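# Based on what follows, work out the 3D shape:
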Amino acid sequence: MAKTRFFKTGLCLSINDGGERELSLIVGYDFTPAFKGSYDEPGHGADAEVVSIKLWHGQSELPVPDWLTNFVETDTDLLDSLVADAVEADQADREDAAEYRAELLREEA
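You can find the predicted model right below:
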């Protein structure tokens with residue numbers, strides 16, 4: 001079972017006859033890495049599925065309107081950013097693990 005990952009970004013609201021506000025948007029998502037395929041299973045590209053959305057202004061959590069939920073779940077640029085975030089995090093985890101193993105080998109020598 002995949003762990004839920006979190007991605008934080010900003011949401012800017014501008015009112016024509018009013019001011020501008022920047023809100024924090026925290027998107028929880030599940031990541032499925034790309035799979036090249038096998039004899040009995042077709043391949044697929046990497047995918048991110050939005051599982052939660054939180055909206056904050058300062059220290060206050062705000063209700064997430066339905067239109068924003070629909071937008072976040074279907075915005076291809078944001079979904080691409082989620083995939084890129086997960087791929088980058090996985091690569092960093094692999095590098096950290098390799099560095100840790102190398103350090104253990106140096107200590108044993």
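# Next, the residue nearest the centre of the chain: secondary structure please.
By C-alpha atoms, centre = their mean, the chain has its centre lying nearest to residue 82, at 3.6 Å. Assigned with DSSP: H, G, I helix; E, B strand; the rest coil, residue 82 falls in the helix class.
# What residues of the worst-scoring helix or strand of the chain on mean pLDDT count as buried?
Averaged element by element with mean pLDDT, DSSP states H and E, the chain has its least confident helix or strand at helix 76-108 (a mean of 86). Neighbour-count burial for helix 76-108, counted by 16 or more other C-beta atoms under 10 Å, picks out 78, 79, 82, 83, 85, 86. Where you see a C-beta, it was placed from the backbone N, CA and C, and this is true even at glycine.
# before we move on, what about stretch 18-28?
For stretch 18-28, by 16+ other C-beta under 10 Å, it's 23, 25, 27.
# so how far is residue 107 from the last one?
It stands for residue 27. 40 Å (C-beta to C-beta, to the nearest Å).
# which ones are touching the residue nearest to the centre of the chain?
5, 7, 27, 29, 31, 48, 50 (C-beta atoms under 8 Å, 6 or more residues apart in numbering).
# What's the local residue count around the fifth one?
Using other C-beta atoms under 10 Å as the criterion, residue 31 is surrounded by 19 other residues.
# Would you check that it makes contact with residue 50?
No - using C-beta atoms under 8 Å, residue 31 is not in contact with residue 50, being 11.0 Å away.
# thinking again about what came up before, any chance of TSV for the buried residues of helix 76-108, columns distance to residue 68?
TSV is the format used below for the buried residues of helix 76-108 (distance: C-beta to C-beta, whole Å):
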residue	distance to residue 68
78	11
79	15
82	16
83	20
85	19
86	22
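# So the nearest residue to residue 86 once chain neighbours are set aside, which state does it fall into?
Nearest non-adjacent residue to residue 86, counting by C-beta to C-beta, 6 or more residues apart in numbering: residue 31, 3.8 Å away. Recorded secondary structure, residue 31: strand (three-state DSSP).
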